[in-house]
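> Pasting the sequence and the predicted coordinates here, then a few questions.
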Amino acid sequence: MKNEKNGNGRKTFDAFNLIFLLALSVLMVYPIWYVICAALSDSNMLMGHRGVLWLPINCKLTAFDMMFRNPLLVKSTLNTLIILTTGTL
């Protein structure tokens, strides 16, 4: 007794399923990749950029420098940790 048939319907389903899941993966991963590339890019160059952003433009870390200079970063991180621990208890 055979477990499964490997007919044309199964191959068509597998091909469609592969294409659909790959497209869905790209749609979910690209926004995260865009934010990472934008954070690493020079802000002036980024504002003038048109089209899809595949790689950082003129890589600079000024966004992270500004973020770590902000005195509210420690307070907001502590608030997040407090809410996280009290919410899970």
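Sure thing, it's come through.

> Would you mind finding the longest helix in the chain?
Across the chain, the longest stretch assigned as helix under DSSP state H is helix 8-40.

> ok, and for the helix or strand just after it, which residues are buried?
With elements assigned by DSSP states H and E, the helix or strand that comes after helix 8-40 is helix 43-47. Judged by neighbour count (16 or more other C-beta atoms under 10 Å), helix 43-47 contains these buried residues: L46. To be clear about C-beta, it is placed using only N, CA and C from the backbone, and glycine gets the same treatment.

> Which residues does helix 43-47 contact?
The contact list for helix 43-47 (C-beta atoms under 8 Å, 6 or more residues apart in numbering) reads 38, 53, 57-58, 62-63.

> let's go with 7 Å and repeat that
Under the contact criterion C-beta atoms under 7 Å, 6 or more residues apart in numbering, helix 43-47 has outside partners 38, 57-58.

> Out of the residues you listed, which comes closest to L84?
For the contacts of helix 43-47, the residue nearest L84 by C-beta to C-beta is A38; the value is 26.9 Å.

> how much space between the closest residue to that closest one other than its chain neighbours and L22?
With sequence-adjacent residues excluded and distances taken as C-beta to C-beta, 6 or more residues apart in numbering, A38 is closest to L46, at 5.9 Å. L46 sits 28 Å away from L22, going by C-beta to C-beta, to the nearest Å.

> roughly how far apart are A39 and A15?
Here the criterion is C-beta to C-beta. By it, A39 lies 37 Å from A15.

> and what of V35?
Distance from V35 to A15, by C-beta to C-beta: 32 Å.

> Please apply the same query to G87.
Counting by C-beta to C-beta, the separation of G87 from A15 is 44 Å.
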